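> here's my sequence, what's the structure:
(one chain, ligands or ions: 1)
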Amino acid sequence: METEQLQIQWYPGHMTKTRRMMESDLRLVDAVCEIVDARIPVSSRNPDLDSICGDKPRMIILNRIDMADPARTKQWAAWFKAREMAVIQTDCKSRKGIADFAPALRRLLADKLRRYAEKGMIGKPLKVMVVGIPNVGKSTFINQVAGRKGAKAENRPGVTRGKQWVTVDQGLLLLDTPGILWPKFEDPEVGVRLAFTGAVKDDILDLESLAARLAGVLWRNYPEAMQARYKLDPAPDASDPDLLLEIGKRRGYLISGGEIDLERTSRVLLEEYRAAKIGRFTLELPPAEEM
Ligand code: G4P
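Numbering: from 1, shown residues only. Below is the predicted model:
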């Protein structure tokens, strides 16, 4: 499944079909819950979701908080809240934050629940859908909130089938089919950040260029952690490729002739970053002027 997800290619016709399906699903739900990757909360969002959703109440699920910088996750939560979205923070692997989902939704939809109560519609369940770009954790999240293991939510874009609902609790149903959306791939920076996290294929840049870019971003944002892991002590004007070379040198990754094995260095850096072995890093900050 993972390989399939990573290789999703979006074509204009495909995007139109997905958008139409989501617009028709939207009529069935009271709120939209958008999962984003807390490490890259800008790049892991779909550029068209605001227009697709119209004025549906929205929730942001900042996922993978186990891998993200806790201080920056807090900043992001405040930023989304200031935009009238409900926000929860989750680590779907350990279930952290999953229990906040239902109460946060009820707070978001309090007016609707009050209207139901006034009309005597006691027990009418709230219905919500989960959306997000591929690989962000939609399927894992749905399984976690539904308290089920193994069962896989239908997870391919544009797949049509009967609507199914999973029960979160007595008054809350979740559409079993997550809305799979495209990232903002016309922005090359977005593509690079998605490649850093492994959400899209590595071939957006060649491996060494991607790893050099990552070395530079991490060094500028988290120098202490990079220093601690790779014993880096670069010259002030070191370029991104210089940083990658130094990592290889410090690790002793050599090929015959004493040259640095840049391919191995690149693989290791990307792997260690993706496994959060260097530290818990968030590569995007909320736009300061809008805070
Ligand atoms: P999708 O439906 O949005 O495409 O994503 P999916 O749930 O399949 O999740 C993609 C990968 O991300 C899965 O790993 C999943 O376990 C992992 N994941 C989801 N949420 C979190 C989280 O909060 N923290 C961490 N650390 N990982 C998360 P996988 O490698 O495909 O499978 P596996 O390692 O679980 O076997």
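> the most centrally placed residue in the chain bridge partners, please.
For the chain, the residue nearest the mean C-alpha position is Asp37 (2.2 Å; Cα atoms, centre = their mean). Legend: beta-bridge partners of Asp37 under DSSP bridges are Asn63.
> so who does it touch?
Each residue near Asp37 by Cβ atoms under 8 Å, 6 or more residues apart in numbering is listed here: 43-44, 63-64, 68, 136-137, 197, 199. The way it works is simple: take the backbone N, C-alpha and C, and place the C-beta from them, glycine included.
> and it, how far is that from Thr16?
As judged by Cβ to Cβ, to the nearest Å, Asp37 and Thr16 stand 25 Å apart.
> Arg95 too?
36 Å.
> pull the most distant pair out of the contacts of Asp37.
The most widely separated members of the contacts of Asp37, counting by Cβ to Cβ, are Ser43 and Gly137 (14.9 Å).
> please identify which of these two sits among more neighbours.
Neighbour count, other Cβ atoms under 10 Å: between Ser43 and Gly137, Ser43 has more, with 26 against 22.
> quick check: that one touching Arg193?
Yes. Counting by Cβ atoms under 8 Å, Arg193 is a contact partner of Ser43 at 4.2 Å.
> hey, what's in contact with both of these two?
If you check Ser43 and Arg193 against Cβ under 8 Å, 6+ apart, the residues they both contact are Glu284.
> for the protein, what lies in contact range of the ligand?
Residues of the chain lying close to the ligand by Cβ under 6 Å from any ligand atom are 2, 5, 63-64, 66-67, 90-93, 132, 134-140, 155.
> and if we set it to 5 Å?
Counting by Cβ under 5 Å from any ligand atom, the chain comes close to the ligand at 2, 5, 63-64, 66, 91-93, 134-140, 155.
> filter those residues to the buried ones?
5, 63-64, 91-92, 134-140, 155 (16 or more other Cβ atoms under 10 Å).
> ok, so of these, who is nearest Lys127?
Distances from Lys127 to these, taken by Cβ to Cβ, are shortest for Lys138, at 16.6 Å.
> still on that earlier bit, what two of the residues of the chain next to the ligand have the greatest distance between them?
Asp66 and Asn155 (21.6 Å).
> now do the buried residues in the helix or strand encompassing Thr18.
Following DSSP states H and E, one finds Thr18 within helix 12-26. Within helix 12-26, the residues scored as buried using 16+ other Cβ under 10 Å are 15, 18-19, 21-22, 25-26.
> mean confidence for it?
What helix 12-26 shows for mean pLDDT is 90.
> ok, residues contacting it?
So helix 12-26 is contacted by 32, 48, 52-54, 56, 129, 131, 157-158, 160, 163, 175, 177, 179-182 (Cβ under 8 Å, 6+ apart).
> cutoff 7 Å now
52-53, 56, 129, 157-158, 175, 179-180, 182 (Cβ atoms under 7 Å, 6 or more residues apart in numbering).
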